[in-house]
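1. return a 3D structure for these sequence lines:
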Amino acid sequence: MEMERNSLKRPWPFDEHGQSWSTPTLTPSFEQINDIPDENTCFGSIIGEEAQLSQQIHPQTLLSPSFAVVKEGDYFALGDGVRTFARLTKGMSRKLHALDNGPHVSIRAYVPREVVEASTWHIPTLLPVEINLYGARDDAEKVGTILSETGTFLQFPQYGRENVEYHNPHFFRVEGYSEQVPIETLLPSRQDQVETSGQGEGEEVQGDASAVVDSILDSLSHHTILRDIPVDDRIRTVLLPHQKEAIDFVSGREIGNVPSELSLWKYNDLDADEPFYQHIFTGARRPKQEEAEGGIIADEMGLGKSLVILSTIAGSLDRAEKFVASENQLISTEQQSKTPSRATLILAPSSLLIKNWMEEVHKHTSGSLSFHQHLRRERHKETHLLYQREIVFTTYATVATEFSHGKSALAKINWFRIVLDEAHDIRNRQTNQFKAVARLSGKHRWCLTGTPIQNSLEDLGALVSFLKVPVLEKPSTFRKFITSPTASSSKDRFRNLQTLLQTICIRRTKQLLHLPPPIPRIREVHLTPLERQEYDNLIQQARIQIQMAVSGHIKNRINSIVLDSLLKLRLFCNNGSANNVLQIAPTGLPSDSDEALTYLQQHELNRSRAQKHRLFLLEENT
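-> Numbers count the residues shown, from 1 in each chain. Down below sits the predicted model:
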């Protein structure tokens, strides 16, 4: 796939240029460099490349988005004349090394204009770049041959030096068509923008707010801050570097070793007789930092969030034991009423996802971590295991059911760690599900979700409340300092949101793995005669229900019936009718009580409907 990646092509703008053979001059940009005799020609551009930041840089670094590309060991790196700060990929570096034995070539990297625009809000860990090659025109064919042998083909450049001709050795010349190409002028620097837009101060930021939020989320890898830390021997799987960095992020927050870049508190020893820490949003003062002992892991699916959590659990068993001993001392002095457990409580939306977790435990630990499922009627007889096992699994619905009864074994425990899988399921603060989960006691709290913000910033606010982020966990404070500014016309309206996410959230995308693009294939699955009969029966039931609703024989709304019918068909196609957990009961809900309650709460149906099916929901729990 690497060859394909370096063979990206730009569509040729035939209609935009005349048919002459005049040699073009690249459009002036930031980079106005005096003529250099042996660098008087641009050979073209390698597009679609990325450079990974090796250290933090200030947004001002991108004021001039053109950088020298220099050798750094086996790699090639981007430099600003003082230091290098980002490396090209190993594959691209290998291709550029092929030029070592050829004629002299100067290499420059250019950052696309959209990245320069967005760098006000964030600088991505993977910096998209286009790489221009410069040299003597007489050497063009030699350079082209070397690159061709590596599977790399030059495209016309969008950016470049002033007064430098363009001659691409890979360009197939047809008589009558010009080699002239449209070279894009780079954005004026932000300093220039400030100087020339005096009237622009305070104007509303243009653009799609959701795109800004997405760009902020995609900038939270913290690669330049975090380290690859050793993994506990109980984990048999070899972790990737980004997974080790996530463990460092988790461990740092849990033990209180939080870098200043990831803190919402700043040390102040100038404004008072005694030094103090001051909250950067509210100005609240504390004698010491009050950090959240948890956070959000928002990696995209497939990057190993569950492996990170299991590795963290394995590496913190000694801390868990010390936590229990310390809490027991508080109980003896009546300063703590809840019994501590060394376990990590993991909540998932369904029992099927819990099965996935258990498979992960077996796969990565070979049974070295003990676990217990707190589910269904059996859970009432096995409460002692909540204190003995290292991991306890349960569902959101089980927690909510116990909360509604006022008899929750889980709520009586002070857990060492609580982990919410698919944490966006508690995004609505008004639901019993959120209230039940937020009521649980735990020293460390973690949210696993690829979508911490689904519909609005209130989704994030619910997670912040669960995490008990000091000061901001109160909804009114969160709205005042995080939500409200984003609705203003200020240029900095997203700054508080960005700062908050930088401190409590880590997120990496699949771009980190340099995976080839997916190849979609549609494969039709043919039902057996029995499956077809059951499927048709479900459709017939749906028709009857819709007809009864239309005729007024039942009070249910048509859209509700349609959604329930689609749910039945989806569950049948995914699981068949033999799966007891996902069978559909006459009520139109999953037959398992926990699954049914989760369904009701996730679809934000009101409490009255849950009460209507109370007997059904609690059938297995009484």
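
2. would you say residue 399 is within a helix?
-> Yes. Under DSSP: H, G, I helix; E, B strand; the rest coil, residue 399 sits within a helix.

3. the closest residue to it other than its chain neighbours is in what secondary structure piece?
-> Leaving aside its sequence neighbours, residue 399 sits nearest to residue 436 (Cβ to Cβ, 6 or more residues apart in numbering; 4.7 Å). Every C-beta, even on glycine, is put in place using the N, C-alpha and C of the backbone. Assigning secondary structure by DSSP states H and E places residue 436 in helix 432-439.

4. residue 70 too?
-> Residue-wise, residue 70 maps onto strand 66-72 under DSSP H and E.

5. just checking, residue 412 touches residue 386?
-> No. The criterion here is Cβ atoms under 8 Å, and residue 412 misses it with residue 386 at 9.0 Å.

6. which one's more surrounded, the two?
-> Comparing residue 412 with residue 386 by other Cβ atoms under 10 Å, the one with more neighbours is residue 386, at 21 against 15.

7. tell me the secondary structure for the more buried one?
-> helix.

8. one more: residue 100?
-> Judged by three-state DSSP, the three-state class of residue 100 is helix.

9. per-residue pLDDT, it?
-> Per-residue pLDDT puts residue 100 at 88.

10. pop the domain breakdown of this protein in here.
-> For the chain, automatic domain parsing gives the domain ranges 2-191, 291-513, 529-617.

11. among the ones you listed, show the one with the smallest mean pLDDT.
-> domain 529-617 (a mean of 66).

12. extract the CA atoms of stretch 243-253 and return them as PDB.
-> In PDB, the C-alpha atoms belonging to stretch 243-253 read as follows (Å, rounded to 0.1, in the frame of the first residue of the first chain):
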ATOM      1  CA  GLN A 243      -1.000   1.900  23.800                       C
ATOM      2  CA  LYS A 244       1.900   2.300  26.200                       C
ATOM      3  CA  GLU A 245       1.500   6.100  26.000                       C
ATOM      4  CA  ALA A 246      -2.100   5.700  27.000                       C
ATOM      5  CA  ILE A 247      -1.100   3.600  30.000                       C
ATOM      6  CA  ASP A 248       1.300   6.500  31.000                       C
ATOM      7  CA  PHE A 249      -1.600   8.900  30.600                       C
ATOM      8  CA  VAL A 250      -3.900   6.800  32.900                       C
ATOM      9  CA  SER A 251      -1.200   6.000  35.500                       C
ATOM     10  CA  GLY A 252      -0.100   9.700  35.600                       C
ATOM     11  CA  ARG A 253      -3.600  10.900  36.500                       C
END
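
13. hey, where'd the strands end up in the stretch 51-200 of the chain?
-> 66-72, 75-79, 84-88, 106-110, 126-135, 165-166 (DSSP state E, counting those that start in this stretch).

14. what is the neighbour count of residue 570?
-> 11.

15. returning to what we had before: can you put the domains of the chain in JSON lines and add distance to residue 226?
-> Below are the domains of the chain laid out as JSON lines (distance: least, Cβ to Cβ, whole Å):
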{"stretch": "domain 2-191", "distance to residue 226": "11"}
{"stretch": "domain 291-513", "distance to residue 226": "8"}
{"stretch": "domain 529-617", "distance to residue 226": "33"}
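
16. quick check: residue 296 is in a strand.
-> Yes. Counting by three-state DSSP, residue 296 falls inside a strand.

17. which residues does it contact?
-> 423, 446, 447, 448, 449, 452, 463, 467, 504, 505, 506 (Cβ atoms under 8 Å, 6 or more residues apart in numbering).

18. between the residues you listed, which is nearest residue 395?
-> residue 423 (13.5 Å; Cβ to Cβ).

19. between the strands of the stretch 51-200 of the chain, which gets nearest to residue 230?
-> Using Cβ to Cβ, these put strand 84-88 closest to residue 230, at 23.8 Å.

20. list the helices and strands that closest one packs on?
-> strand 41-53, strand 66-72, strand 75-79, strand 126-135 (3 or more Cβ pairs under 8 Å, 6 or more residues apart in numbering; DSSP states H and E).

21. any chance of the strands of the stretch 51-200 of the chain in JSON lines, plus mean neighbour count and distance to residue 430?
-> Converted to JSON lines, these look like this (neighbours: other Cβ atoms under 10 Å; distance: least, Cβ to Cβ, whole Å):
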{"stretch": "strand 66-72", "mean neighbour count": "18", "distance to residue 430": "50"}
{"stretch": "strand 75-79", "mean neighbour count": "22", "distance to residue 430": "49"}
{"stretch": "strand 84-88", "mean neighbour count": "23", "distance to residue 430": "45"}
{"stretch": "strand 106-110", "mean neighbour count": "21", "distance to residue 430": "49"}
{"stretch": "strand 126-135", "mean neighbour count": "23", "distance to residue 430": "38"}
{"stretch": "strand 165-166", "mean neighbour count": "18", "distance to residue 430": "61"}
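
22. could these be laid out in JSON lines, adding distance to residue 230?
-> What follows is these, written out as JSON lines (distance: least, Cβ to Cβ, whole Å):
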{"stretch": "strand 66-72", "distance to residue 230": "26"}
{"stretch": "strand 75-79", "distance to residue 230": "25"}
{"stretch": "strand 84-88", "distance to residue 230": "24"}
{"stretch": "strand 106-110", "distance to residue 230": "34"}
{"stretch": "strand 126-135", "distance to residue 230": "26"}
{"stretch": "strand 165-166", "distance to residue 230": "51"}
